[in-house]
Structures are given as structure tokens and as C-alpha cells.
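# Got a sequence here, can you model it:
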Amino acid sequence: MNELSEGSAVTSPNGTQAVERAAQLLIEVARHRDPVTFSELTETSGLAKSTASRLLTALERNGLVRRDPAGRFRPGEVFVSYACRGGAEADLVGVAQPFLDRLGEQTGETVNLGVPRGGGLVEQIAQVDSTYLIGGTNWVGMSVPLHCAALGKVLLAYGAADLPRGKLEQRTTRTLTSRAAIEADLAVVRERGYAVTDEELEPGLVAVAAPVQRDGGVVVAAISVSGPASRLTASAVPDVGARCARAAAGLSAVLGHEPASRQNKHDPGMRPDRGMRPDRGMRPDRGMRPDRGIPPDRGIPPDPRMQREGAP
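Got it, this is the predicted structure:
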């Protein structure tokens with residue numbers, strides 16, 4: 001009797017109709033490149049507002065759609081995670097945005113998402129501006145050398161990019177250009193879980209960055225926090241680094257990454273991941289001067305019209 005009841009519920013017209021209506025809304029959201037408003041969805045679907053609201057809530061709860069800060073609908077984390085398996089950067093930016101926004105609110109500094117590019121470069125593909133008056137320039141689309149940017153150091157440390165051949169550019173007096181010194185620095189990045197650059201890309205700029213991983217532990221991007229050395233001091237580095245690592249870990253989980261500590265429950269022979277341990281205390285950068293903070297990541301020359309102290 002129970003089996004008959006369950007079968008009837010699955011095949012009932014009402015159950016089928018609800019699935020079809022939800023699928024209709026989902027298709028409408030997925031087929032648009034830009035976010036879709038609730039009014040647009042109810043208009044195109046012909047559904048009552050109460051019905052559409054109930055179905056969208058269920059789709060959102062299951063990660064099939066998500067709302068942006070304006071309440072508009074976009075494909076959810078399930079679709080983004082699947083798309084990112086093929087390296088879809090536009091979708092990566094979309095799913096990363098809430099994590100970038102939250103990190104920007106927590107630190108008040110400029111937050112960037114970077115991916116590797118050819119020629120020994122890292123490109124910033126998304127940004128959250130600093131809350132300070134100075135430092136609001138949009139650097140999306142700018143590429144900087146891997147070896148002197150926090151984003152780039154993360155990609156190098158976790159095998160997502162390689163140093164170019166030949167002589168490395170000396171951007172400042174603090175830029176590491178010795179391959180041996182860089183390799184030693186990358187070992188510290190892997191041990192600590194985040195990278196630090198201290199005026200290595202641009203004088204007065206400091207940054208930290210942490211890796212973004214997808215399923216299988218493959219690093220596909222990095223998240224950074226950057227700002228002037230006057231604000232990102234040595235005492236601020238551990239806290240900002242930990243926050244950056246937590247944001248990157250949260251995004252990684254959405255992309256399907258399972259931390260090694262959880263994998264170890266199934267495979268006791270695996271070593272715990274030493275790179276992403278945001279819940280543990282992070283050691284300050286060994287190579288930083290005591291009067292400095294986190295190195296920059298953005299490597300973007302400040303606007304000459306802006307004051308040096310306020311450079312992002």
C-alpha cells in the first residue's frame with residue numbers, strides 16, 4: 001500500500017506539473033546571459049507570482065539558481081561547478097563574486113580574482129574595490145608578472161603556472177628574481193597556505209593571496225587582498241591572510257574541491273593538505289620586514305594623480 005502511494009505521488013499530474021514549471025523557470029534563467037528579474041520570469045512563464053516564488057525558492061535551495069544583490073536570478077552553483085570543469089571563466093567570476101564581496105567587506109581593501117595567462121603573467125578577472133577613498137581604480141583585465149604578485153606566487157606554488165624562461169623582471173628593489181629564492185618563497189606559500197608580496201610589484205603596495213581549487217585539488221585561480229603598506233602592516237598580515245584563505249576555501253568547496261582532511265577519512269594513507277588550512281593559525285611571512293605588511297598583488301602602477309599613501 002505504501003509503495004502504491006509513493007508511486008502515485010511521483011506520477012501524479014500535480015507532481016509532474018510542478019517539475020515542468022520548475023524546469024521552465026530554470027531554462028529561462030539559464031538561457032539569459034544577464035541576470036533575470038522575478039517580474040521577467042513570471043511574465044515569460046505565465047505563472048502566478050506565488051507559484052513562481054515557491055518554485056524559485058526550491059531551485060535556489062538546491063543550488064540550481066541564485067540571486068544577486070539586486071534580487072535577480074542567475075544559474076546556481078551546480079551549473080557553475082559543472083561549467084568550471086571546462087574552464088569557463090565567466091562562470092567562475094559569477095560564482096566567486098559573493099566570496100569576493102564578503103572578503104572586501106571584512107577587510108575594506110581591494111580584492112581580486114586572478115587566473116594564469118601565457119608569458120609568465122597572471123590576469124585579474126574580477127575585483128571588489130577598496131572602501132577607502134583612494135584605491136578605487138578598476139584593474140580588471142590587467143596582467144602582471146607571476147613572480148612578483150601574490151596571485152602569481154599562489155599559481156606558481158600550486159603548479160597552476162610556470163615561471164617563464166630567461167631573466168625575470170626586476171619591478172622594485174624588493175622583487176625576487178633569483179629562481180632559487182623564488183622556489184624557497186613558494187615552499188613557504190604552500191606551507192602557510194597563502195602568498196605575500198611586500199612592495200615587490202610596486203613600491204608602497206602589499207598583498208596576500210590564496211589558492212582556489214576545483215574537484216581533484218586542481219588550482220584554477222587565486223584570490224587576493226591588496227592595499228598600501230601604511231594599512232596592510234606586518235601585524236595585519238596574519239588576519240588578512242587567514243580571511244583570504246577562508247574565502248578561497250569556501251569558493252573551492254563550491255567548485256567541488258574536497259579538503260584532504262575529509263578525504264583522509266576515506267583514504268588514511270593520504271597526507272593532509274598543508275596548503276589550505278584556514279582554520280589554523282597562520283605564520284607571518286618569514287621574509288617580510290617588521291615594519292611592513294602584506295605584499296601587493298596587483299602590480300598595477302597607481303594613478304600619478306593619486307597620493308602615494310592611498311595607492312591601492
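
# Domain-wise, how is the chain divided?
According to automatic domain parsing, the chain comprises the domains 2-75, 87-310.

# With mean neighbour count and mean pLDDT added, can I get these in CSV?
Glycine gets a C-beta too; all of them are placed from N, C-alpha and C. Formatted as CSV, the domains of the chain follow (neighbours: other C-beta atoms under 10 Å; pLDDT from 0 to 100):
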stretch, mean neighbour count, mean pLDDT
domain 2-75, 14, 79
domain 87-310, 20, 80
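
# tell me the SS of the closest residue to residue 126 other than its chain neighbours?
Excluding its sequence neighbours, the residue lying closest to residue 126 (C-beta to C-beta, 6 or more residues apart in numbering) is residue 113, at 4.1 Å. At residue 113 the chain is in strand, as set by DSSP: H, G, I helix; E, B strand; the rest coil.

# so residue 113 makes contact with residue 123?
No: look at residue 113 against residue 123 with C-beta atoms under 8 Å: they stay out of range, at 9.7 Å.

# residues in contact with the closest residue to residue 104 other than its chain neighbours?
Residue nearest to residue 104 in three dimensions, not counting chain neighbours: residue 128, with 3.6 Å by C-beta to C-beta, 6+ apart. Neighbour list for residue 128: 100-101, 103-104, 110-112 [criterion: C-beta atoms under 8 Å, 6 or more residues apart in numbering].

# And for residue 121?
143-146, 152 are the contacts of residue 121 under C-beta under 8 Å, 6+ apart.

# try 7 Å this time
The contact partners of residue 121, by C-beta atoms under 7 Å, 6 or more residues apart in numbering, come to 143-146.

# same check, this time on residue 59
Neighbours of residue 59 in contact, by C-beta under 7 Å, 6+ apart: 22, 25-26, 65.

# Figure out the helix or strand that residue 249 lives in.
For residue 249, the host element (DSSP states H and E) is helix 237-254.

# what helices or strands is that helix leaning on?
Counting contacts by 3 or more C-beta pairs under 7 Å, 6 or more residues apart in numbering; DSSP states H and E, helix 237-254 is packed against helix 89-107, strand 205-213, strand 219-228.

# Can I get these in TSV including distance to residue 188?
As requested, the helices and strands packed on helix 237-254 are arranged in TSV below (distance: least, C-beta to C-beta, whole Å):
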stretch	distance to residue 188
helix 89-107	22
strand 205-213	13
strand 219-228	16
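
# Can you tell me which of those is nearest to residue 242?
Counting by C-beta to C-beta, residue 242 lies closest to strand 205-213 out of those; the figure is 9.2 Å.

# hmm, back to that, can I get the contacts of residue 59 in TSV with secondary structure and distance to residue 201?
Converted to TSV, the contacts of residue 59 look like this (DSSP: H, G, I helix; E, B strand; the rest coil; distance: C-beta to C-beta, whole Å):
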residue	secondary structure	distance to residue 201
22	helix	48
25	helix	46
26	helix	43
65	strand	39
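
# Residue 252: which of these is nearest?
Of all the contacts of residue 59, residue 65 has the smallest distance to residue 252: 21.5 Å, by C-beta to C-beta.
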